[in-house]
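*Asks:* Using only what follows, build the 3D model:
(one chain, ligands or ions: 1)
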Amino acid sequence: MKSTEFKAWEKSIERMSRDQRDKLRKRLEGKENADEAIALIESNQGGKLVCPHCQGTGLYRWGKVSNLQRYRCRQCNRTFNALTGTPLARLRYKDKWFEYEQAMVQGLSIRKSAKNCTISNKTSFKWRHRFLQLPATCQSRKMNGIVEADETYFLESFKGQRQLSRPARKRGGKASKKGISKEQVPVLVVRDRHGETADCILHDRSARQIGSALIPLVNKDVILCTDGLPTYRLIARQANIVHRPVNIAAGHRIINGIYHIQNVNTYGSRLKQWMRRFNGVATRYLKNYLGWYRMFERLGQSITPTLCFLSSLGKIRQIQLLTTT
Ligand SMILES: [Zn+2]
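*Replies:* Presented below is the predicted three-dimensional model:
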């Protein structure tokens, strides 16, 4: 914009009503957020830019699409931008993405997030699960030292699905049977004493299920702490891992002052407490919510919309750079 043009425009601010000024302020804020989002999307993680279609490196600029630089690949002739092939590809309203991540920081429901960002519930739903797609896959792969494992349970829910295989429960709801039943979805939570955390939704509590979730997560020389469930004893023996079962029922919560499952248990309680706000999560989306909570715990006090956004983009190295300085 030419400076004379801008001056005239600036002068018109005088004639604006408070309402109009508020609108303008929001627009400017949105513009700034969109610019920042685009800068983060396009920021390179150090590696050379490659074509997501054929991994070719011979690229040239090919105009812009929704403010993102578009490239054309010499090898396959196709075009792409920094979001192509990511969960955020083709989502609209970039000016609201940061506001949406703010709602994620606050742990707001789909409806409340929609209201805060003035988007529809449908968009909010779509964004929620697209934004969580990568955080849902981001978890510790290798645990060391003393490793605690335990299951926590979530009520099976078909929320939002039209075809129910059983009569509907009231929102949130309670299981009809007490204790562990088919209505409860078991989630294995594994943590080591360095705070490395992973979880896995189980189909059942068989040794095969728990073992195939647990064993790839731990190094051979770990000391595995669990409750007295015989399944764990079997798994540990088969994998040749040192096992310290804690007999909670008999009141033995800690062995030798160090072997216990209190870290994993308190993590489970915090997770359940946090999940309560959603009045039951559809089982098919439970994985995303587990990932959301892990991100929440991992970022801790330093959590910001920017860091959540980088998580949604899968830019882990940038998060590490921002959180370690
Ligand atoms: Zn290509």
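*Asks:* Spatially nearest residue to residue 30 (excluding sequence neighbours)?
*Replies:* residue 95 (3.4 Å; Cβ to Cβ, 6 or more residues apart in numbering). Using the backbone N, CA and C atoms, a C-beta is placed for each residue, glycine as well.
*Asks:* near the ion, which residues of this structure show up?
*Replies:* 51, 53-54, 56, 73, 75-76 (Cβ under 5 Å from the ion).
*Asks:* which pair in those spans the largest distance?
*Replies:* Farthest pair in the residues of the chain next to the ion (Cβ to Cβ) is 53 and 75. Separation: 8.7 Å.
*Asks:* For stretch 261-277, buried residues please.
*Replies:* For stretch 261-277, burial by neighbour count (16 or more other Cβ atoms under 10 Å) applies to 261, 263-265, 267-268, 271, 275.
*Asks:* Show me what the mean pLDDT comes to for it.
*Replies:* Averaging pLDDT along stretch 261-277 yields 96.
*Asks:* For residue 183, report the pLDDT, please.
*Replies:* The model reports residue 183 with a pLDDT of 86.
*Asks:* ok, and what's touching stretch 184-191?
*Replies:* With contacts defined as Cβ atoms under 8 Å, 6 or more residues apart in numbering, stretch 184-191 is touched by 143, 147-156, 175, 180, 197-202, 204-205, 210, 213-214, 217-218, 263-264, 267-268, 271, 283, 286, 290.
*Asks:* Drop anything exposed from those residues.
*Replies:* Buried members of the contacts of stretch 184-191, counted by 16+ other Cβ under 10 Å: 143, 147-156, 197-200, 202, 210, 213-214, 217-218, 263-264, 267-268, 271, 283, 286, 290.
*Asks:* Of the residues you listed, which belong to strands?
*Replies:* 147-155, 197-200 (DSSP state E).
*Asks:* For residue 128, state which of these is nearest.
*Replies:* Closest to residue 128, out of all of these and judged by Cβ to Cβ, is residue 154, at 17.5 Å.
*Asks:* Now do the contacts for the closest one.
*Replies:* Contact analysis of residue 154 by Cβ under 8 Å, 6+ apart lists 184-185, 187, 272, 275, 281, 283, 286.
*Asks:* Export those residues as JSON lines, with columns for distance to residue 301.
*Replies:* JSON lines is the format used below for the contacts of residue 154 (distance: Cβ to Cβ, whole Å):
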{"residue": "184", "distance to residue 301": "33"}
{"residue": "185", "distance to residue 301": "30"}
{"residue": "187", "distance to residue 301": "25"}
{"residue": "272", "distance to residue 301": "21"}
{"residue": "275", "distance to residue 301": "21"}
{"residue": "281", "distance to residue 301": "25"}
{"residue": "283", "distance to residue 301": "31"}
{"residue": "286", "distance to residue 301": "26"}
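*Asks:* Most widely separated two among those?
*Replies:* Farthest pair in the contacts of residue 154, by Cβ to Cβ: 272 and 283, 15.1 Å.
*Asks:* Point out where the stretch 201-325 of the chain drops to low pLDDT.
*Replies:* Low-confidence segments of the stretch 201-325 of the chain (pLDDT under 70): 325.
*Asks:* Where does it get nearest to the ion, which residue?
*Replies:* In the stretch 201-325 of the chain, the residue that lies nearest the ion is residue 314 (20.4 Å; Cβ to the ion).
*Asks:* any idea how far residue 311 is from the closest residue to that residue other than its chain neighbours?
*Replies:* Distances taken as Cβ to Cβ, 6+ apart place residue 134 nearest to residue 314, at 4.2 Å, with adjacent residues excluded. With the distance defined as Cβ to Cβ, to the nearest Å, residue 134 ends up 7 Å from residue 311.
*Asks:* These two - which one has more neighbours?
*Replies:* The neighbour count for residue 134 versus residue 311, taken as other Cβ atoms under 10 Å, is higher for residue 311 (26 against 20).
*Asks:* And that one, how close does it get to residue 216?
*Replies:* For residue 311, the distance to residue 216 (Cβ to Cβ) stands at 23 Å.
*Asks:* and what of residue 117?
*Replies:* From residue 117 to residue 216 the distance is 39 Å (Cβ to Cβ).
*Asks:* neighbour-wise, which of these two wins?
*Replies:* residue 117 (22 against 12).
*Asks:* Verify the stated contact: that one with residue 124.
*Replies:* Yes. Using Cβ atoms under 8 Å, residue 117 is in contact with residue 124, at 7.3 Å.
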